[in-house]
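Participant: Next one to model:
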Amino acid sequence: MTDVYKKLAAHLENTPCGFPATESGVEIRILKQLFTEQEAEIATNLIMMAEPAEVIAKKMNKDAKWLTPILKEMSDKGLILRVTKKDSDLYMTAQFVIGIWEYQVNRLTKELIKDVNEYLPYLMKEHEKHKTRQLRVIPVSKAISADMKVMDYEEAEKIIRAQSKIVIAPCICRKEHKMVGKGCDHLEDGCFVFGGGAYYYEQRGIGRSVDHEEAIAVMKKGVAEGLVLQPGNSLKTMNICMCCDCCCQILSFIKKSDKPSTAVNSNYFASVNEDLCTGCAACQEICPMEAITLDGVASVNKDRCIGCGLCVASCEFESMKLNAKDESQKWVPPATIVDTYMAIAQERGLI
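Facilitator: Sure thing, here's the model as predicted:
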């Protein structure tokens, strides 16, 4: 019954980050692969606030004892979110991205990968319209000089050390690319999940719990491989993704833009001291946005620079430098992930 999947698609479209319709109907094909008809109907009764099974059952005129195990199974499949508070399980809608798609990292099929890769450009195009992004870009630690005034929420190591619970999970982008014979050899376990999200990942057997020292060691390994640090776009972040421009759907989409600098929430840009530059091309090779050109010495196109700092970290001659943007251009993230999604919802006219 296609109607229930159209109903679910409309329900997901009304989440802050959306689920836009396409002429081909690929979004419906995706939902059919993920949800049974019964699961699709149940999912339309959940909201973006965690509720007990009894409340959801009442909305559906169903018995909570019948509904509870189905909700648990749906959360185990990564179709909805489960939050445990004081030994009680609560359930809420999961957005498609970041959310349902990422939670399928252990349930991928080639057919699902094909359809999602067809669909994501439509979704990214919608996301491009938002001023507030789901992720932001922060500089790698090696790019931060002693004289720079960098806020704690802009330093990966400080973000990690502030967490009480950390899980390292596989990067779905690199995993799905490898499954279809593409991708790269970069670090596969490249996603940090914090707090309540970490417990959810651990409950579902995605990733492994680590302490601060191991998390920082993995982060440094990712940076050495040229991965861009993208935490969730809030002061109190729930994740950090370590992304490559070849597999990450967000970075690869941004890279196609004429001005990647305007497509990210970032507070920095790189520059070159020509007197120190030897033209070795290390910075050009590592830049994920192709923002650096060489004509004897390196030159940075500020329209393309996203302030990740990888070029600074790769330069042996200290000719690359990270600079703070003007105050008028600086981005201060919303306080929490809820505030982030509220801001996106307002920008989309949902509230």
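Participant: Going by C-alpha atoms from here, please, whenever you check contacts or count neighbours.
Facilitator: OK.
Participant: Domain map for the protein?
Facilitator: The chain resolves into domains spanning 2-125, 130-254+332-345, 259-329 when parsed by automatic domain parsing.
Participant: Now do the contacts for the residue nearest to residue 193 when sequence neighbours are not counted.
Facilitator: Counting by CA to CA, 6 or more residues apart in numbering, residue 193 lies nearest to residue 239, which is 4.4 Å off, once chain neighbours are set aside. Contacts for residue 239 were tallied using CA atoms under 8 Å, 6 or more residues apart in numbering; they are 191, 192, 193, 194, 231, 232.
Participant: Mind listing the residues bridging to the fifth one?
Facilitator: By that I understand residue 231. Beta bridges link residue 231 to residue 240, judged by DSSP bridges.
Participant: Go ahead and confirm it touches residue 133.
Facilitator: No. No contact is recorded between residue 231 and residue 133 when judged using CA atoms under 8 Å, the distance being 10.8 Å.
Participant: Now the common contact residues for those two.
Facilitator: Jointly contacting residue 231 and residue 133 under the rule CA under 8 Å, 6+ apart is no residue at all.
Participant: re the thing from before, any chance of the domains of the chain in TSV with mean pLDDT as columns?
Facilitator: Shown next, in TSV, are these (pLDDT from 0 to 100):
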stretch	mean pLDDT
domain 2-125	95
domain 130-254+332-345	93
domain 259-329	95
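Participant: hmm, back to that, can you pick the most crowded of the contacts of residue 239?
Facilitator: Ranked by neighbour count (other CA atoms under 10 Å), the contacts of residue 239 have residue 193 at the top, with 29 neighbours.
Participant: Please tell me how far the helix or strand where that one lies is from the chain's geometric centre.
Facilitator: Take DSSP states H and E as the rule and residue 193 turns out to sit in strand 191-194. Here the centre of strand 191-194 is set off from its chain's centre by 10 Å, with CA atoms, centre = their mean, to the nearest Å.
Participant: could you list every residue that touches residue 206?
Facilitator: Taking CA under 8 Å, 6+ apart, one finds 105, 106, 169, 170 in contact with residue 206.
Participant: Point out the ones among the residues you listed that are inside helices.
Facilitator: When helices are assigned by DSSP state H, not one member of the contacts of residue 206 lies inside them.
Participant: outside of stretch 64-75, which residues touch it?
Facilitator: With contact meaning CA under 8 Å, 6+ apart, stretch 64-75 is reached by 39, 53, 54, 56, 57, 58, 80, 81, 82, 91.
Participant: can you pull the buried residues of that stretch?
Facilitator: Neighbour-count burial for stretch 64-75 flags 64, 67, 68, 70, 71, 72, 74, 75 (criterion: 16 or more other CA atoms under 10 Å).
Participant: Helix, strand or coil: sort out the third one for me.
Facilitator: Yep, that's residue 68 we're talking about. Remark: residue 68 carries the secondary structure label helix [criterion: DSSP: H, G, I helix; E, B strand; the rest coil].
Participant: now, among the contacts of residue 239, which is nearest to residue 325?
Facilitator: Compare each of the contacts of residue 239 with residue 325 using CA to CA and the shortest gap goes to residue 231, at 19.0 Å.
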